[in-house]
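**Student:** How does the following fold in three dimensions:
(chains A and B)
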Amino acid sequence: MSLLEVEDLTVTFAQKGERPFTAVDKVSFTVEPGQTVGLVGESGCGKSVTSLAIMGLLPKRGNRVSGSVRFAGTELLSLSDRQLRDRRGSDLAMVFQDPLTSLNPVVTIGVQVAEVLERHEGLKRKAALAKAAELLDQVGIPDPHRRVGEYPHQLSGGMRQRALIAIALACQPKLLIADEPTTALDVTIQAQILALLRQLVAGTDTALIMITHDLGVVAGLCDEVNVLYAGRVVERGERHELFAAPRHPYTNGLLASIPRLDAPRGERLHPITGSVGDNIPWSGGCAFAPRCSNEIGVCTETAPELIDTEGRLLRCHNPVALVKGEA
Amino acid sequence: MVLTRKKDRVDALASTSTEGMSLAASAFRRLRRSPVFLTGAVITALFVLIALFSPLLAPHDPATQIPELIKQTVRARNQFAPPQGSYLLGGDQLGRDLFSRLLVGSQQTLLVGVLATLIGLTGGLILGTLAGATAGWVDTTVMRFVDVLLSIPNLLLAVTISALFLQANQFTVIVAVAIVQIPVFARLLRGTMLAQRASDHVLAARALGVKRSGIVFRHMLPNSLGPVFVQATIVLATSIIDAAGLSFLGLGNPNDDSPEWGQMLSNAQQYITSGHADLAFWPACAIVVVALGFTLMGESARDALDPKNRR
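**Tutor:** You can find the predicted model right below:
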């Protein structure tokens, strides 16, 4: 049995007087214990909404969630608030994008780590604080005993992200969702944080869902990669295979748009033209068609299905041709 | 000379750097240099000191009619004892020492102002937390109630509440003024709580399974209190004015042995037109100066705590 089975997860935001907007459209994927799965896509493709839906953190009103999210056999979507709360922080944890705002500014770092331990492990304040210092040490915060008594504003951005990771991993969750954990950090710190995540997750049973728009992050960390576009999975594959031979024009475009150091001087970057529209319907054909270089007639008539081709899931009428000798 | 000026400028630059500094710390740093805040703080400090030590400071008993002053007082002819000797401001309409009465009157003002503000703050905190922590019908009900209170002018509301009590005294003034202040705090707190609810760190806390009470009391409330406490200093000023207003209208403590500025003003008003405005001038002046002190302090603290003003 997989650790996490997401099946046909659909999230629709509906507000009175407005057209409902489907942010996540029948997304399915599974996560095995210890596995690292990437969810990749540009802004607005539904990555964050997917993670919030799994955690049950979407606002109560204004949206409809359907499908199924089974965690170790338990259906999370049908749990009560209270049951879900007991799971969050202990079985499932999450690291957010902005370490500058994700910590409570008026509470010391130590108490914030201790809070989770007191909540889920039943530790008393003193024991929890001692454990907190230990955890801070594990995530590479120097002088943890001093840091325990410091406030978030006294820590640097990278240090705060480390603290947030310590908090998320405090109760040894089975699943960690990292929502763009490196986006707000500068490049050298990004590398450190990724290395830290890899080190903490590798060799343990903790599974990691890595949500990012940065293919570089995925390349170094994930076992399996899901590429999302406009709320749907458009391509899924094993990391090496996917990077070596992207089949979906969108994945291909993402990879081609990465600036390369070995490119000839003066060569221009290759962006994907256009941007994700406000509400692209999959009903009238492929949502990516307007931006696609491989578009053929059928693309604007019927939406492609997600089809398994030799271990690669692909949602495309006219995929990028395989180059002989690769893949 | 040039050198020192340059050094000053560097120091000033260094001290305005807010890198790694909490909002409160940087606000305090700026406040220490603000002449407006300092003026307000000095007035307030003097007022509080005078109020605390007025029984010792007052040269005469405020309730005693002094024979020497009575001799010079002919009320029928609107004639009162002028300033003389240890009677710095002369006598009032009953031959009591005006200066002593002013000093001792500050006690009542401080007591009413502080107690009314504290009670109002407590009520506002309860209602504001209730509204800010719960969405839906509780929030709506509380806020409509607050809107009703806010729609009635301050003094009118205070007068109405005072009128509900059969016997006016110091306590009824405090309660009336306090109730008037509740909606201000409640609405402000609800607003800051709602902003906190949508904040990243509250979402992060929810993602950790923190219970609702923990979210509200450890994560939302402590981060919402700053503006409320700043508002409290401004409310102190309005409380003092409102309390004086109630006394002036005769809804305060009827016993004028313990002097109160609003009541002194009320008793003095009939002599204003007959050339004895000074009886009214001094208490009025005291009310204005004290209210100004609190307002200056509160307003500059509010500006300093405004993150948009961070330099």
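**Student:** from here on, contacts and neighbour counts on C-alpha atoms
**Tutor:** Noted.
**Student:** Give me the phi and psi for the residue positioned nearest the centre of chain A.
**Tutor:** Geometric centre of chain A, nearest residue: A:I211, 1.8 Å, by CA atoms, centre = their mean. Taking degrees, to the nearest 10, you get phi -100, psi 120 for the backbone angles of A:I211.
**Student:** Now do the same for it: its pLDDT.
**Tutor:** Among the per-residue scores, A:I211 shows a pLDDT of 92.
**Student:** if I look at it, how far off is A:S90?
**Tutor:** 20 Å (CA to CA, to the nearest Å).
**Student:** Now do the same contact list for the closest residue to B:N253 other than its chain neighbours.
**Tutor:** In space, and not counting its chain neighbours, B:N253 is closest to B:N169: 4.1 Å by CA to CA, 6 or more residues apart in numbering or on different chains. The contact partners of B:N169, by CA atoms under 8 Å, 6 or more residues apart in numbering or on different chains, come to B:L251, B:G252, B:N253, B:P254.
**Student:** do the same with A:L322
**Tutor:** Applying CA under 8 Å, 6+ apart, we find A:L322 in contact with A:A245, A:R247.
**Student:** So it: helix, strand or coil?
**Tutor:** coil (DSSP: H, G, I helix; E, B strand; the rest coil).
**Student:** What distance do you get for it to A:V234?
**Tutor:** Counting by CA to CA, the gap from A:L322 to A:V234 is 17 Å.
**Student:** List of residues touching stretch B:30-48?
**Tutor:** B:16, B:106, B:110, B:289-290, B:292-298, B:300-301, B:304.
**Student:** Now, these that are in helices?
**Tutor:** Those of these mapping onto helices are B:16, B:106, B:110, B:289-290, B:292-298, B:300-301, B:304, per DSSP state H.
**Student:** Derive a PyMOL selection command for the buried subset of those residues.
**Tutor:** In PyMOL, this line selects whichever of those come out buried by 16 or more other CA atoms under 10 Å in any protein chain shown:
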select buried, chain B and resi 106+110+289+290+292+293+294+295+296+297+298+300+301+304
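**Student:** Of all pairs in the ones in helices among the contacts of stretch B:30-48, which one is the farthest apart?
**Tutor:** B:T16 and B:S106 (38.2 Å; CA to CA).
**Student:** Please list all residues in contact with B:N154.
**Tutor:** So B:N154 contacts B:V180, B:D242 (CA under 8 Å, 6+ apart).
**Student:** near chain A, which residues of the stretch 51-200 of chain B show up?
**Tutor:** B:S199, B:D200 (CA under 8 Å from any CA of the partner chain).
**Student:** in the stretch 51-200 of chain B, what residue is nearest chain A?
**Tutor:** The nearest approach of the stretch 51-200 of chain B to chain A comes at B:D200, 4.9 Å away (CA to the nearest CA).
**Student:** can you give me the helices in the stretch 101-250 of chain B?
**Tutor:** With helices called from DSSP state H, counting those that start in this stretch, the stretch 101-250 of chain B shows them at B:137-151, B:154-164, B:170-197, B:200-207, B:212-214, B:221-248.
**Student:** immediately after the helix or strand of chain B with the lowest mean pLDDT, which helix or strand?
**Tutor:** Within chain B, no helix or strand scores below helix B:2-16, which has a mean of 48 by mean pLDDT, DSSP states H and E. Later in the chain than helix B:2-16, the nearest helix or strand by DSSP states H and E is helix B:23-32.
**Student:** Can you check what angle separates that following helix from helix B:221-248?
**Tutor:** 40 degrees (axes from the mean of the first three to the mean of the last three CA atoms, to 10 degrees).
**Student:** Check which element follows helix B:23-32 along the chain.
**Tutor:** Helix B:23-32 is succeeded, C-terminally, by helix B:35-57 (DSSP H and E).
**Student:** For that next one, buried residues please.
**Tutor:** B:36-41, B:43-44, B:47-48, B:50-52, B:54-55.
**Student:** hmm, back to that, neighbour-wise, which one of the contacts of B:N169 leads?
**Tutor:** B:G252 (25 neighbours; other CA atoms under 10 Å in any protein chain shown).
**Student:** residues contacting that residue?
**Tutor:** By CA under 8 Å, 6+ apart, the contact set of B:G252 is B:A168, B:N169, B:Q170, B:T172, B:V173, B:A243, B:L246, B:Q263.
**Student:** mind checking pLDDT for the fourth one?
**Tutor:** At B:T172 the predicted local confidence, pLDDT, stands at 88.
**Student:** same deal with the last one?
**Tutor:** With respect to pLDDT, B:Q263 has a value of 85.
**Student:** For it, identify the helix or strand it belongs to.
**Tutor:** B:Q263 belongs to helix B:261-268, assigned by DSSP H and E.
**Student:** Any chance you could list what contacts that helix?
**Tutor:** With contacts defined as CA under 8 Å, 6+ apart, helix B:261-268 is touched by B:93, B:102, B:105-106, B:109, B:243-250, B:252-253, B:256, B:277, B:279-281, B:283-284, B:286-287.
**Student:** quick check, distance from it to the centre of its chain.
**Tutor:** 19 Å (CA atoms, centre = their mean, to the nearest Å).
**Student:** Just the CA trace of it, in CSV.
**Tutor:** Coordinates of the C-alpha atoms in helix B:261-268 are reproduced here as CSV (Å, rounded to 0.1, in the frame of the first residue of the first chain):
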residue,chain,number,x,y,z
TRP,B,261,-12.2,69.2,37.2
GLY,B,262,-15.5,68.8,35.3
GLN,B,263,-17.5,69.5,38.3
MET,B,264,-15.4,72.6,39.2
LEU,B,265,-16.0,73.8,35.6
SER,B,266,-19.7,73.1,36.0
ASN,B,267,-19.9,75.1,39.3
ALA,B,268,-17.9,77.9,37.8
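**Student:** Now the phi/psi pair for A:V24, please.
**Tutor:** Dihedral angles (degrees, to the nearest 10) for A:V24: phi -130, psi 130.
**Student:** can you list the weak-confidence ranges in the chain?
**Tutor:** No chain specified, so I'll use chain A. Applying pLDDT under 70 to chain A flags the ranges A:275-281, A:323-327.
**Student:** not what I meant, chain B
**Tutor:** In chain B (pLDDT under 70), the answer is B:1-24, B:75-77, B:306-311.
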